[in-house]
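Asker: can't give you the sequence, but here's the structure:
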């Protein structure tokens, strides 16, 4: 798919194109756009494949369950009309800091070698910063997320509800010092969803 055709198709379906990510000459181009209500089935199927049946038992799910993601911070990656990736961020309070919890981040196995997860992360972080948020937290693999500036050093005095792996609990300060001295268990502060929708994750 050419760049022009990818953008054209995205706009035909009513998408707001946030970014484009090339996948190589033969793999085409990914369109990163705002998530839509019609993406729910494809997103949940992708998360089921990527994370398995235990995805709803993790600590981050306690903070997401029954809530809406932060406005403008639920993104989808689509390749030739195939739902290829997802990332969502959620309102939480970390001590006195109004922060965001990142997750799920998931990419279809067919597209994992093309940097699509990184493209979704960069778009999400850039948006969060432009919207004026102070910090982002997640539970995930440090060797992957440290490339985006996440560190366990920012979360030493913070806790997740339920069981979690301390070394995988990471933070990113979008405003310098925003997580310094913050302590206590993260609290969900996002709006409640009007109706139950499956909410899942990858970063925990």
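Answerer: Right, received. Where do you want to start? Predicted model, so just to flag it, every value in this text is computed and none were measured.

Asker: and the helix ranked longest in the chain, what other elements does it pack with?
Answerer: In the chain, taking DSSP state H as the definition, the longest helix is helix 116-130. Counting contacts by 3 or more Cβ pairs under 8 Å, 6 or more residues apart in numbering; DSSP states H and E, helix 116-130 packs against strand 17-22, strand 29-34, strand 74-79, strand 82-94, strand 97-107. No exception for glycine: its C-beta is placed from N, CA and C like everyone else's.

Asker: could I get these as TSV with distance to residue 41, mean neighbour count and mean pLDDT?
Answerer: Putting the helices and strands packed on helix 116-130 into TSV (distance: least, Cβ to Cβ, whole Å; neighbours: other Cβ atoms under 10 Å; pLDDT from 0 to 100) gives the following:
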stretch	distance to residue 41	mean neighbour count	mean pLDDT
strand 17-22	21	17	73
strand 29-34	17	23	93
strand 74-79	12	23	95
strand 82-94	9	23	97
strand 97-107	15	25	96
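
Asker: just put these in JSON lines and tack on distance to residue 142.
Answerer: Conversion of those to JSON lines gives the following (distance: least, Cβ to Cβ, whole Å):
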{"stretch": "strand 17-22", "distance to residue 142": "24"}
{"stretch": "strand 29-34", "distance to residue 142": "24"}
{"stretch": "strand 74-79", "distance to residue 142": "23"}
{"stretch": "strand 82-94", "distance to residue 142": "18"}
{"stretch": "strand 97-107", "distance to residue 142": "14"}
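
Asker: among these, which is nearest residue 59?
Answerer: strand 97-107 (10.2 Å; Cβ to Cβ).

Asker: how far does that closest one sit from its chain's centre?
Answerer: 5 Å (Cα atoms, centre = their mean, to the nearest Å).

Asker: same question for stretch 179-194.
Answerer: Using Cα atoms, centre = their mean, the offset of stretch 179-194 from its chain centre is 16 Å.

Asker: so what touches that stretch?
Answerer: Counting by Cβ atoms under 8 Å, 6 or more residues apart in numbering, stretch 179-194 makes contact with 62-64, 66-70, 90-99, 101, 135, 137, 154-155, 157-161, 171, 173, 199, all of which sit outside it.

Asker: that stretch: end-to-end distance?
Answerer: 31 Å (Cα to Cα, to the nearest Å).

Asker: separation between the residue nearest the centre of the chain and residue 162?
Answerer: Centroid-nearest residue in the chain: residue 87, 2.9 Å away (criterion: Cα atoms, centre = their mean). Residue 87 sits at a distance of 22 Å from residue 162 (criterion: Cβ to Cβ, to the nearest Å).
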